[in-house]
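# Turn this into a structure:
(2 chains)
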There are 2 protein chains.
Amino acid sequence: MSLSPRPCSIARSLDVLGERWTLLVLRELTFGVHRFDGIARATGAPRDVLTKRLRTLEDSGLVLRRPYSERPPRSEYHLTGLGREASEVLLLLMAFGDRHLSEEPPVVWSHGGAENPEHDLEPVLLCRVCGRPAAEGMHAPTGPGAPGQ
Amino acid sequence: MSLSPRPCSIARSLDVLGERWTLLVLRELTFGVHRFDGIARATGAPRDVLTKRLRTLEDSGLVLRRPYSERPPRSEYHLTGLGREASEVLLLLMAFGDRHLSEEPPVVWSHGGAENPEHDLEPVLLCRVCGRPAAEGMHAPTGPGAPGQ
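Numbers count the residues shown, from 1 in each chain, chains lettered A, B, ... in the order given. The predicted structure follows:
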């Protein structure tokens, strides 16, 4: 094993996402709460921390800032396509919390649309290739970030 | 909207998982690195922080400690079933980092087994009910943690 930390896509994702308030900001944007005061209220994040996290999310391309008032200067925050993709992590954290840490799911999302009948969303992590659960049957990691490389 | 933070399964999951070193510890256990020194080396986590994170993971039921030496006292750390389930979050963070933050995937996992031919794992978040991408067509959140409740 290398003496230095591994090259790792998980660690790189955590550089962008790996902080509690960051993920709760993404939750609020997913809920359609786009203004600073609303996000601060619903997350409980300290305002100075929230300002920093929104800046990081903007710099990372996950969030787009749209001014809606000049005097006083005020902006709304919206998820980009990349931000929506990153927010999938929230759905998995929600599903885990619903199963193991909450008595009743605090939030249930509807899923479906034109050609897909309405139902309650049940996120599950599968393998795109075989359609089976991703975490079952994983083995033999290879590459520069794997053990023993 | 309530003036207090929302009841939220995401926030509850983050109470257990929402810290960088915690997730990197789970990564190492998934890789089969079970001893303190190996985990410290591969994550780069400060030893005192690592001790605390392992304790939290043990207290939360995600990790089981197994002594392997009495003098000096030494333990190995193993994922429980709950810990393996929580580790799915890592796979989604890895897939996101592979797509957007790494030139080449630093780690590729094999997937498959007896009745499932070998292939490279490609984690994807779908809806268990309809089999479509979970994040597409989400709408109308309800429940005590949803906006406007």
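
# where do the strands sit along chain A?
Assignment of strands within chain A using DSSP state E yields the ranges A:63-69, A:74-79, A:108-113, A:116-120, A:123-127, A:138-142.

# what's the closest of these to residue B:86?
Nearest of the strands of chain A to residue B:86, taken as Cβ to Cβ: strand A:123-127 at 11.6 Å. (C-beta placed from N, C-alpha, C; glycine too.)

# What is the closest one packed up against?
The contact analysis (3 or more Cβ pairs under 8 Å, 6 or more residues apart in numbering or on different chains; DSSP states H and E) places strand A:123-127 against helix A:88-100, helix B:88-100, strand B:123-127.

# Turn the ones you listed into TSV, columns for distance to residue A:26, mean pLDDT and mean neighbour count.
Listed next are the helices and strands packed on strand A:123-127 as TSV, based on distance: least, Cβ to Cβ, whole Å; pLDDT from 0 to 100; neighbours: other Cβ atoms under 10 Å in any protein chain shown:
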stretch	distance to residue A:26	mean pLDDT	mean neighbour count
helix A:88-100	6	97	22
helix B:88-100	12	97	22
strand B:123-127	15	98	22
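
# Just put these in a markdown table and tack on distance to residue A:48.
Formatted as a markdown table, the helices and strands packed on strand A:123-127 follow (distance: least, Cβ to Cβ, whole Å):
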| stretch | distance to residue A:48 |
| --- | --- |
| helix A:88-100 | 23 |
| helix B:88-100 | 27 |
| strand B:123-127 | 33 |
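
# among the ones you listed, which is nearest residue B:74?
Among those, if distance is taken as Cβ to Cβ, the winner is helix B:88-100, at 25.7 Å.

# which other residues reach that closest one?
Helix B:88-100 has contacts (Cβ atoms under 8 Å, 6 or more residues apart in numbering or on different chains) with A:8-14, A:17, A:82, A:85-86, A:88-89, A:92-93, A:96, A:125, A:134-135, B:17, B:23, B:26-27, B:30, B:105, B:107, B:121-125.

# same deal with stretch A:20-40?
Counting by Cβ under 8 Å, 6+ apart, A:16-17, A:42-43, A:45, A:47, A:49-50, A:53-54, A:56-57, A:62-63, A:74-79, A:83-84, A:86-87, A:89-90, A:93, B:1, B:8, B:10-11, B:14, B:18-19, B:138, B:141, B:146-147 sit against stretch A:20-40.

# Please apply the same query to stretch A:120-132.
Contacts of stretch A:120-132 (Cβ under 8 Å, 6+ apart): A:88, A:91-92, A:94-95, A:108-111, A:133-135, B:88, B:91-92, B:111-112, B:116-117, B:119-129, B:134, B:138.

# just for chain A, where's the confidence low?
Applying pLDDT under 70 to chain A flags the ranges A:1-4, A:149.

# Mind checking which residue lies nearest the centre of chain A?
The centre of chain A sits closest to residue A:87, judged by Cα atoms, centre = their mean, with a distance of 2.9 Å.

# residue contacts, that residue?
Residue A:87 sits in contact with A:26, A:27, A:29, A:30, A:79, B:135, where contact means Cβ under 8 Å, 6+ apart.

# try 10 Å this time
Residues in contact with residue A:87 (Cβ atoms under 10 Å, 6 or more residues apart in numbering or on different chains) are A:17, A:23, A:26, A:27, A:29, A:30, A:62, A:79, B:135, B:138.

# could I get the residues you listed as CSV with neighbour count and distance to residue B:38?
What follows is those, written out as CSV (neighbours: other Cβ atoms under 10 Å in any protein chain shown; distance: Cβ to Cβ, whole Å):
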residue, neighbour count, distance to residue B:38
A:17, 22, 26
A:23, 22, 29
A:26, 23, 33
A:27, 23, 35
A:29, 22, 39
A:30, 19, 37
A:62, 25, 33
A:79, 19, 38
B:135, 21, 36
B:138, 20, 40
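
# Please flag which of those sit within helices.
Cross-referencing those against helices under DSSP state H gives A:17, A:23, A:26, A:27, A:29, A:30.

# now residue A:54: how far from residue A:25?
Distance of residue A:54 to residue A:25, given as Cβ to Cβ, to the nearest Å: 7 Å.

# Those two: which is more packed in?
residue A:25 (27 against 21; other Cβ atoms under 10 Å in any protein chain shown).

# where's the more buried one relative to residue B:100, distance?
Residue A:25 is 18 Å from residue B:100, by Cβ to Cβ.
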